[in-house]
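Trainee: Build me a model:
(one chain, ligands or ions: 1)
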Amino acid sequence: MIPDLYLADLEAKPAALAGLADALASADPFSAIPSRIRRVLLLGMGSSRYAARVAALRLRSAGVDAVAEYASAAASYPPGPGTLVVAISATGGSRETLDAVARHRGRSFVLALTNVPGSPVTEGADLVVPMLAGEERGGVSCRTFQHTLALLLALADHLSPADGLGPSGDPVAPGDSAAPGDSVAPGGPAVPGASGRDMPGLLLRTAEATADLLDRRGEWLAPAAALLDGPHGVYTIAPAERLSSAEQSALMFREGPRRPADACETGDWAHVDVYLTKTLDYRAVLYPGSRYDEQAMDWIRQRGSTVLAVGGEVPGVADRVRYRHDDEPDVALLTETLVAELVAARWWLAQG
Ligand SMILES: O=P(O)(O)OC[C@H]1O[C@](O)(CO)[C@@H](O)[C@@H]1O
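Mentor: Prediction:
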(Lines give C-alpha, C1' and ligand atoms only; values in the text may rest on other atoms or scores of the structure.)
Protein backbone atom coordinates (compact mmCIF):
# COMPACT_ATOMS: atom_id res chain seq x y z
CA MET A 1 0.00 0.00 0.00
CA ILE A 2 1.33 3.39 -1.00
CA PRO A 3 0.14 6.64 0.66
CA ASP A 4 0.69 9.05 -2.22
CA LEU A 5 -1.15 6.73 -4.61
CA TYR A 6 -3.95 6.38 -2.04
CA LEU A 7 -4.27 10.17 -2.00
CA ALA A 8 -4.36 10.19 -5.81
CA ASP A 9 -7.10 7.53 -5.67
CA LEU A 10 -9.14 9.84 -3.40
CA GLU A 11 -8.57 12.80 -5.71
CA ALA A 12 -9.93 10.78 -8.62
CA LYS A 13 -13.29 10.16 -6.92
CA PRO A 14 -15.32 12.89 -8.69
CA ALA A 15 -14.31 11.73 -12.18
CA ALA A 16 -15.00 8.09 -11.35
CA LEU A 17 -18.44 8.98 -9.95
CA ALA A 18 -19.28 10.90 -13.11
CA GLY A 19 -18.37 7.79 -15.12
CA LEU A 20 -20.64 5.63 -12.96
CA ALA A 21 -23.46 8.16 -13.34
CA ASP A 22 -23.09 7.94 -17.14
CA ALA A 23 -23.18 4.15 -17.05
CA LEU A 24 -26.31 4.06 -14.87
CA ALA A 25 -28.01 6.63 -17.09
CA SER A 26 -27.54 4.42 -20.13
CA ALA A 27 -28.44 0.97 -18.72
CA ASP A 28 -29.86 -0.79 -15.66
CA PRO A 29 -27.14 -3.25 -14.63
CA PHE A 30 -29.67 -5.31 -12.65
CA SER A 31 -32.25 -5.95 -15.38
CA ALA A 32 -31.30 -9.65 -15.67
CA ILE A 33 -32.31 -10.45 -12.08
CA PRO A 34 -35.19 -12.94 -12.35
CA SER A 35 -38.66 -12.32 -10.95
CA ARG A 36 -38.61 -15.48 -8.82
CA ILE A 37 -36.32 -13.88 -6.23
CA ARG A 38 -37.79 -13.89 -2.73
CA ARG A 39 -34.72 -13.27 -0.59
CA VAL A 40 -31.51 -11.27 -0.92
CA LEU A 41 -28.27 -12.43 0.72
CA LEU A 42 -25.40 -9.95 0.49
CA LEU A 43 -21.95 -11.40 1.14
CA GLY A 44 -18.60 -9.70 1.55
CA MET A 45 -15.74 -8.85 3.87
CA GLY A 46 -14.31 -5.59 5.20
CA SER A 47 -15.58 -2.50 3.44
CA SER A 48 -17.61 -4.62 1.03
CA ARG A 49 -19.60 -5.94 3.99
CA TYR A 50 -19.95 -2.47 5.50
CA ALA A 51 -21.69 -1.29 2.33
CA ALA A 52 -23.76 -4.49 2.17
CA ARG A 53 -25.14 -4.02 5.68
CA VAL A 54 -26.47 -0.56 4.93
CA ALA A 55 -28.05 -1.82 1.70
CA ALA A 56 -29.66 -4.77 3.48
CA LEU A 57 -31.20 -2.47 6.08
CA ARG A 58 -32.55 -0.28 3.31
CA LEU A 59 -34.04 -3.28 1.51
CA ARG A 60 -35.68 -4.50 4.73
CA SER A 61 -37.15 -1.06 5.34
CA ALA A 62 -38.76 -1.35 1.89
CA GLY A 63 -40.26 -4.71 2.85
CA VAL A 64 -37.68 -6.87 1.08
CA ASP A 65 -36.29 -9.94 2.86
CA ALA A 66 -32.58 -9.11 2.87
CA VAL A 67 -29.56 -9.67 5.06
CA ALA A 68 -25.85 -8.88 4.85
CA GLU A 69 -23.66 -11.68 6.13
CA TYR A 70 -19.98 -12.07 6.82
CA ALA A 71 -18.90 -14.18 3.84
CA SER A 72 -16.84 -16.09 6.39
CA ALA A 73 -19.91 -17.23 8.38
CA ALA A 74 -20.23 -21.00 8.26
CA ALA A 75 -23.97 -20.91 9.01
CA SER A 76 -26.26 -18.87 6.81
CA TYR A 77 -29.32 -19.15 4.57
CA PRO A 78 -29.37 -22.36 2.55
CA PRO A 79 -29.01 -21.98 -1.22
CA GLY A 80 -32.14 -22.04 -3.35
CA PRO A 81 -33.57 -20.72 -6.62
CA GLY A 82 -35.49 -17.95 -4.83
CA THR A 83 -32.33 -16.53 -3.28
CA LEU A 84 -30.36 -13.72 -4.86
CA VAL A 85 -26.77 -13.86 -3.62
CA VAL A 86 -24.91 -10.58 -4.06
CA ALA A 87 -21.25 -11.48 -3.78
CA ILE A 88 -19.28 -8.29 -3.27
CA SER A 89 -15.54 -8.19 -3.70
CA ALA A 90 -13.66 -5.20 -5.07
CA THR A 91 -10.64 -7.33 -5.91
CA GLY A 92 -12.77 -10.32 -6.76
CA GLY A 93 -10.40 -12.53 -4.84
CA SER A 94 -11.21 -12.53 -1.10
CA ARG A 95 -11.00 -16.16 0.00
CA GLU A 96 -14.00 -15.99 2.33
CA THR A 97 -16.29 -14.54 -0.35
CA LEU A 98 -15.20 -17.14 -2.90
CA ASP A 99 -15.88 -19.94 -0.42
CA ALA A 100 -19.37 -18.58 0.32
CA VAL A 101 -20.16 -18.21 -3.39
CA ALA A 102 -19.12 -21.81 -4.01
CA ARG A 103 -21.99 -22.96 -1.78
CA HIS A 104 -24.50 -21.04 -3.90
CA ARG A 105 -23.14 -21.44 -7.44
CA GLY A 106 -25.72 -23.23 -9.63
CA ARG A 107 -28.24 -23.29 -6.77
CA SER A 108 -29.01 -19.62 -5.99
CA PHE A 109 -28.93 -16.72 -8.46
CA VAL A 110 -25.42 -15.32 -7.99
CA LEU A 111 -24.68 -11.68 -8.79
CA ALA A 112 -20.98 -10.81 -8.59
CA LEU A 113 -20.25 -7.15 -7.87
CA THR A 114 -16.56 -6.54 -8.48
CA ASN A 115 -14.07 -3.99 -9.77
CA VAL A 116 -12.04 -6.64 -11.59
CA PRO A 117 -13.76 -8.19 -14.60
CA GLY A 118 -12.80 -11.83 -15.00
CA SER A 119 -11.70 -12.13 -11.36
CA PRO A 120 -12.41 -15.39 -9.47
CA VAL A 121 -15.68 -14.11 -7.95
CA THR A 122 -17.17 -13.81 -11.46
CA GLU A 123 -16.56 -17.49 -12.27
CA GLY A 124 -19.92 -19.21 -12.72
CA ALA A 125 -21.84 -16.09 -11.66
CA ASP A 126 -25.28 -15.61 -13.21
CA LEU A 127 -24.73 -11.86 -13.50
CA VAL A 128 -21.58 -9.75 -13.21
CA VAL A 129 -21.88 -6.05 -12.36
CA PRO A 130 -18.66 -4.03 -12.65
CA MET A 131 -18.01 -1.36 -10.03
CA LEU A 132 -16.40 0.94 -12.62
CA ALA A 133 -14.20 2.53 -9.95
CA GLY A 134 -10.97 2.34 -11.96
CA GLU A 135 -7.75 0.86 -10.65
CA GLU A 136 -6.95 1.74 -7.03
CA ARG A 137 -3.21 2.11 -7.27
CA GLY A 138 -2.84 2.86 -3.58
CA GLY A 139 -3.98 -0.66 -2.72
CA VAL A 140 -6.79 0.52 -0.40
CA SER A 141 -10.51 0.15 -1.13
CA CYS A 142 -11.80 3.73 -1.24
CA ARG A 143 -13.39 4.45 -4.62
CA THR A 144 -14.56 0.84 -4.75
CA PHE A 145 -16.29 1.31 -1.37
CA GLN A 146 -18.06 4.41 -2.70
CA HIS A 147 -19.08 2.69 -5.94
CA THR A 148 -20.21 -0.44 -4.07
CA LEU A 149 -22.51 1.67 -1.93
CA ALA A 150 -23.84 3.52 -4.97
CA LEU A 151 -24.52 0.32 -6.89
CA LEU A 152 -26.17 -1.31 -3.88
CA LEU A 153 -28.44 1.73 -3.53
CA ALA A 154 -29.31 1.26 -7.21
CA LEU A 155 -29.96 -2.43 -6.54
CA ALA A 156 -32.17 -1.55 -3.59
CA ASP A 157 -34.11 0.83 -5.82
CA HIS A 158 -34.44 -1.89 -8.44
CA LEU A 159 -35.70 -4.49 -5.97
CA SER A 160 -37.93 -2.29 -3.87
CA PRO A 161 -41.66 -2.34 -4.42
CA ALA A 162 -42.90 0.81 -6.14
CA ASP A 163 -44.46 1.97 -2.86
CA GLY A 164 -41.20 1.35 -1.01
CA LEU A 165 -38.42 3.86 -0.51
CA GLY A 166 -39.22 7.29 -1.80
CA PRO A 167 -36.79 9.47 -3.70
CA SER A 168 -35.67 11.03 -0.44
CA GLY A 169 -34.66 7.66 0.95
CA ASP A 170 -37.27 7.87 3.67
CA PRO A 171 -38.44 4.48 4.89
CA VAL A 172 -41.94 3.36 3.99
CA ALA A 173 -44.58 4.04 6.59
CA PRO A 174 -45.42 1.17 8.96
CA GLY A 175 -47.93 -1.12 7.31
CA ASP A 176 -47.04 0.06 3.81
CA SER A 177 -44.29 -2.43 3.19
CA ALA A 178 -44.67 -5.77 1.45
CA ALA A 179 -45.86 -8.66 3.61
CA PRO A 180 -43.26 -11.16 4.82
CA GLY A 181 -42.79 -13.77 2.12
CA ASP A 182 -43.90 -11.46 -0.70
CA SER A 183 -41.66 -11.53 -3.72
CA VAL A 184 -39.31 -8.59 -3.86
CA ALA A 185 -41.57 -6.87 -6.37
CA PRO A 186 -45.10 -8.08 -5.74
CA GLY A 187 -46.83 -9.30 -8.84
CA GLY A 188 -43.84 -9.46 -11.10
CA PRO A 189 -40.20 -8.82 -11.68
CA ALA A 190 -38.32 -6.20 -9.77
CA VAL A 191 -39.14 -2.89 -11.39
CA PRO A 192 -36.13 -0.89 -12.58
CA GLY A 193 -36.08 2.43 -10.84
CA ALA A 194 -39.25 1.51 -8.98
CA SER A 195 -38.48 4.07 -6.29
CA GLY A 196 -38.53 6.85 -8.87
CA ARG A 197 -35.12 8.02 -7.75
CA ASP A 198 -32.78 9.70 -10.25
CA MET A 199 -29.65 7.69 -9.43
CA PRO A 200 -27.35 9.41 -11.96
CA GLY A 201 -28.46 12.75 -10.51
CA LEU A 202 -27.61 11.55 -6.99
CA LEU A 203 -24.17 10.46 -8.19
CA LEU A 204 -23.51 13.80 -9.86
CA ARG A 205 -24.44 15.65 -6.65
CA THR A 206 -22.14 13.25 -4.78
CA ALA A 207 -19.36 14.09 -7.24
CA GLU A 208 -19.96 17.81 -6.53
CA ALA A 209 -19.93 17.19 -2.78
CA THR A 210 -16.74 15.15 -3.06
CA ALA A 211 -15.05 17.77 -5.23
CA ASP A 212 -16.08 20.47 -2.75
CA LEU A 213 -14.33 18.66 0.12
CA LEU A 214 -11.24 18.06 -2.01
CA ASP A 215 -11.09 21.64 -3.31
CA ARG A 216 -11.50 23.22 0.13
CA ARG A 217 -9.23 20.85 2.06
CA GLY A 218 -6.74 23.69 2.56
CA GLU A 219 -9.28 25.20 4.97
CA TRP A 220 -10.45 22.20 6.96
CA LEU A 221 -7.98 19.32 6.75
CA ALA A 222 -5.14 20.52 8.99
CA PRO A 223 -7.46 21.59 11.87
CA ALA A 224 -9.48 18.36 11.59
CA ALA A 225 -6.36 16.19 11.62
CA ALA A 226 -4.99 18.08 14.64
CA LEU A 227 -8.26 17.73 16.52
CA LEU A 228 -8.40 13.95 16.01
CA ASP A 229 -4.70 13.39 16.71
CA GLY A 230 -4.90 12.04 20.26
CA PRO A 231 -2.97 9.45 22.24
CA HIS A 232 -5.76 6.85 22.40
CA GLY A 233 -6.84 6.42 18.81
CA VAL A 234 -9.82 7.66 16.81
CA TYR A 235 -13.47 6.70 17.23
CA THR A 236 -16.19 7.08 14.63
CA ILE A 237 -19.93 7.37 15.19
CA ALA A 238 -22.81 7.15 12.69
CA PRO A 239 -26.51 6.27 12.59
CA ALA A 240 -27.46 2.68 11.71
CA GLU A 241 -28.62 3.79 8.26
CA ARG A 242 -25.10 5.16 7.55
CA LEU A 243 -23.05 2.89 9.81
CA SER A 244 -20.81 2.08 6.84
CA SER A 245 -19.43 5.62 7.11
CA ALA A 246 -18.18 5.03 10.65
CA GLU A 247 -16.89 1.55 9.82
CA GLN A 248 -15.08 2.57 6.65
CA SER A 249 -13.58 5.61 8.41
CA ALA A 250 -12.21 3.47 11.24
CA LEU A 251 -10.84 1.00 8.68
CA MET A 252 -9.03 3.81 6.84
CA PHE A 253 -7.33 4.97 10.07
CA ARG A 254 -6.17 1.39 10.65
CA GLU A 255 -5.30 0.37 7.10
CA GLY A 256 -3.32 3.49 6.13
CA PRO A 257 -1.56 5.11 9.10
CA ARG A 258 -2.16 2.01 11.28
CA ARG A 259 -3.79 3.91 14.13
CA PRO A 260 -6.15 2.36 16.69
CA ALA A 261 -9.70 3.12 15.58
CA ASP A 262 -13.19 1.75 16.11
CA ALA A 263 -16.73 2.44 14.92
CA CYS A 264 -19.95 2.73 16.93
CA GLU A 265 -23.61 3.24 16.03
CA THR A 266 -24.93 6.52 17.48
CA GLY A 267 -27.73 5.09 19.63
CA ASP A 268 -25.55 2.18 20.72
CA TRP A 269 -22.85 4.66 21.69
CA ALA A 270 -24.53 5.32 25.05
CA HIS A 271 -24.27 1.57 25.73
CA VAL A 272 -20.79 0.94 24.39
CA ASP A 273 -18.31 3.77 23.72
CA VAL A 274 -19.54 5.90 26.59
CA TYR A 275 -17.45 3.70 28.88
CA LEU A 276 -14.27 4.92 27.19
CA THR A 277 -14.89 8.60 27.75
CA LYS A 278 -14.01 8.65 31.45
CA THR A 279 -10.58 7.11 31.16
CA LEU A 280 -9.37 7.91 27.63
CA ASP A 281 -8.65 11.08 25.72
CA TYR A 282 -11.66 10.16 23.59
CA ARG A 283 -11.64 11.78 20.13
CA ALA A 284 -14.30 11.01 17.59
CA VAL A 285 -15.72 11.79 14.19
CA LEU A 286 -19.51 12.13 14.41
CA TYR A 287 -21.63 11.71 11.29
CA PRO A 288 -24.85 13.38 12.49
CA GLY A 289 -28.38 12.41 11.57
CA SER A 290 -29.42 9.97 14.29
CA ARG A 291 -32.29 10.82 16.60
CA TYR A 292 -29.77 9.87 19.32
CA ASP A 293 -27.10 12.45 18.44
CA GLU A 294 -28.08 14.55 21.45
CA GLN A 295 -28.02 11.56 23.82
CA ALA A 296 -24.39 10.89 22.82
CA MET A 297 -23.46 14.57 22.85
CA ASP A 298 -24.86 14.99 26.36
CA TRP A 299 -22.30 12.48 27.66
CA ILE A 300 -19.57 13.88 25.44
CA ARG A 301 -20.10 17.39 26.85
CA GLN A 302 -20.14 16.07 30.44
CA ARG A 303 -16.93 14.10 29.89
CA GLY A 304 -15.14 16.83 27.96
CA SER A 305 -14.49 14.55 24.99
CA THR A 306 -13.49 15.89 21.58
CA VAL A 307 -15.81 15.49 18.61
CA LEU A 308 -15.52 16.58 14.98
CA ALA A 309 -18.93 16.69 13.27
CA VAL A 310 -18.98 16.00 9.54
CA GLY A 311 -21.86 17.33 7.47
CA GLY A 312 -24.00 18.99 10.11
CA GLU A 313 -24.23 21.27 13.12
CA VAL A 314 -24.36 19.58 16.53
CA PRO A 315 -24.16 21.59 19.78
CA GLY A 316 -21.05 20.88 21.81
CA VAL A 317 -18.72 19.61 19.10
CA ALA A 318 -15.18 20.96 18.93
CA ASP A 319 -15.41 21.65 15.21
CA ARG A 320 -17.37 20.73 12.11
CA VAL A 321 -16.67 20.10 8.42
CA ARG A 322 -19.48 21.03 6.05
CA TYR A 323 -19.70 20.41 2.32
CA ARG A 324 -22.00 20.97 -0.63
CA HIS A 325 -25.31 19.01 -0.53
CA ASP A 326 -24.55 17.65 2.98
CA ASP A 327 -28.22 18.10 3.92
CA GLU A 328 -29.15 15.25 1.56
CA PRO A 329 -28.83 11.93 3.45
CA ASP A 330 -27.82 9.78 0.47
CA VAL A 331 -25.23 12.33 -0.68
CA ALA A 332 -23.87 12.24 2.89
CA LEU A 333 -23.85 8.43 2.89
CA LEU A 334 -21.84 8.36 -0.34
CA THR A 335 -19.51 11.27 0.44
CA GLU A 336 -18.76 11.72 4.13
CA THR A 337 -16.02 9.09 4.58
CA LEU A 338 -13.77 11.28 2.44
CA VAL A 339 -13.10 13.46 5.50
CA ALA A 340 -11.65 10.50 7.42
CA GLU A 341 -9.91 9.18 4.30
CA LEU A 342 -8.11 12.49 3.76
CA VAL A 343 -7.11 12.70 7.44
CA ALA A 344 -5.82 9.11 7.19
CA ALA A 345 -3.87 9.98 4.03
CA ARG A 346 -2.34 13.02 5.74
CA TRP A 347 -1.18 11.01 8.76
CA TRP A 348 0.06 8.20 6.54
CA LEU A 349 2.05 10.55 4.31
CA ALA A 350 3.56 12.24 7.38
CA GLN A 351 5.02 8.90 8.43
CA GLY A 352 7.23 9.10 5.34
O1 LIG B 1 -13.77 -6.29 -1.43
P2 LIG B 1 -12.64 -7.26 -1.31
O3 LIG B 1 -11.64 -7.11 -2.43
O4 LIG B 1 -13.12 -8.67 -1.18
O5 LIG B 1 -11.84 -6.89 -0.01
C6 LIG B 1 -12.40 -6.93 1.27
C7 LIG B 1 -11.56 -6.13 2.22
O8 LIG B 1 -10.25 -6.55 2.19
C9 LIG B 1 -9.36 -5.43 2.10
O10 LIG B 1 -8.91 -5.40 0.78
C11 LIG B 1 -8.23 -5.52 3.07
O12 LIG B 1 -7.71 -6.80 3.13
C13 LIG B 1 -10.18 -4.23 2.38
O14 LIG B 1 -9.68 -3.09 1.76
C15 LIG B 1 -11.53 -4.65 1.93
O16 LIG B 1 -12.45 -3.96 2.69
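
Trainee: Identify the residue of the chain closest to the ligand, quick one.
Mentor: G46 (2.4 Å; C-beta to the nearest ligand atom). Bear in mind the C-beta positions are built from the backbone N, C-alpha and C, glycine included.

Trainee: residue contacts, that residue?
Mentor: By C-beta atoms under 8 Å, 6 or more residues apart in numbering, G46 lies in contact with 94, 141, 251.

Trainee: Could you do L251 as well?
Mentor: 46-47, 50, 261 are the contacts of L251 under C-beta under 8 Å, 6+ apart.

Trainee: next one: A309
Mentor: 286-288, 317, 319-321.

Trainee: So it lies in a helix, does it not?
Mentor: No - using DSSP: H, G, I helix; E, B strand; the rest coil, the assignment for A309 is strand, not a helix.

Trainee: Got the confidence number for it?
Mentor: The model reports A309 with a pLDDT of 98.

Trainee: Identify the bridge partners of it.
Mentor: L286, R320 (DSSP bridges).

Trainee: And the helices in the stretch 151-300 of the chain?
Mentor: 199-215, 217-228, 243-255, 266-269, 293-303 (DSSP state H, counting those that start in this stretch).

Trainee: Distance to P29 and mean pLDDT for those - can I get that in CSV?
Mentor: CSV is the format used below for the helices of the stretch 151-300 of the chain (distance: least, C-beta to C-beta, whole Å; pLDDT from 0 to 100):
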stretch, distance to P29, mean pLDDT
helix 199-215, 11, 98
helix 217-228, 32, 98
helix 243-255, 20, 98
helix 266-269, 32, 98
helix 293-303, 35, 97
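
Trainee: Those: which one's closest to P14?
Mentor: helix 199-215 (4.3 Å; C-beta to C-beta).

Trainee: And the closest one, what does it pack against?
Mentor: In terms of contacts (3 or more C-beta pairs under 8 Å, 6 or more residues apart in numbering; DSSP states H and E), helix 199-215 is packed against helix 13-26, helix 143-159, helix 329-335, helix 337-350.

Trainee: just checking, what packs against the shortest one?
Mentor: Using 3+ C-beta pairs under 8 Å, 6+ apart as the contact criterion, the neighbours of helix 329-335 among helices and strands are helix 143-159, helix 199-215, helix 243-255.

Trainee: could you give me the average pLDDT of it?
Mentor: 98.

Trainee: Name the residues that touch it?
Mentor: So helix 329-335 is contacted by 54, 146, 149-150, 153, 168-169, 202-203, 205-206, 209-210, 213, 241-242, 244-245, 287, 289, 311, 323, 325-326 (C-beta under 8 Å, 6+ apart).

Trainee: Selection in PyMOL covering whichever of the residues you listed are buried, please.
Mentor: Selecting only the buried members of those in PyMOL, with burial defined as 16 or more other C-beta atoms under 10 Å, works like this:
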select buried, resi 54+146+149+150+153+169+202+203+205+206+209+210+213+241+242+244+245+287+289+311+323+325+326
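
Trainee: Within reach of the ligand, which of the contacts of helix 329-335 are there?
Mentor: Among those, not one lies near the ligand by C-beta under 6 Å from any ligand atom.

Trainee: Would you format the helices and strands packed on helix 199-215 as JSON lines with distance to A100 included?
Mentor: JSON lines is the format used below for the helices and strands packed on helix 199-215 (distance: least, C-beta to C-beta, whole Å):
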{"stretch": "helix 13-26", "distance to A100": "26"}
{"stretch": "helix 143-159", "distance to A100": "16"}
{"stretch": "helix 329-335", "distance to A100": "25"}
{"stretch": "helix 337-350", "distance to A100": "25"}
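
Trainee: deepest of those, which one?
Mentor: Comparing the helices and strands packed on helix 199-215 by mean neighbour count (mean count of other C-beta atoms under 10 Å), helix 143-159 comes out on top with a mean of 26.

Trainee: tilt between that helix and helix 13-26?
Mentor: Helix 143-159 runs at 20 degrees relative to helix 13-26, counting by axes from the mean of the first three to the mean of the last three C-alpha atoms, to 10 degrees.

Trainee: rewinding a little: so which of the contacts of G46 is the closest to L7?
Mentor: Looking across the contacts of G46 and measuring by C-beta to C-beta, the closest to L7 is S141, at 14.8 Å.

Trainee: if we can go back for a sec, for the residue of the chain closest to the ligand, give me the pLDDT.
Mentor: pLDDT, read off for G46, is 98.

Trainee: So which residues on the chain come close to the ligand?
Mentor: 44-48, 89-91, 94, 97, 140-141.

Trainee: between those, which has the most around it?
Mentor: S89 (31 neighbours; other C-beta atoms under 10 Å).

Trainee: Which residues does it form beta bridges with?
Mentor: Beta bridges link S89 to T114, judged by DSSP bridges.
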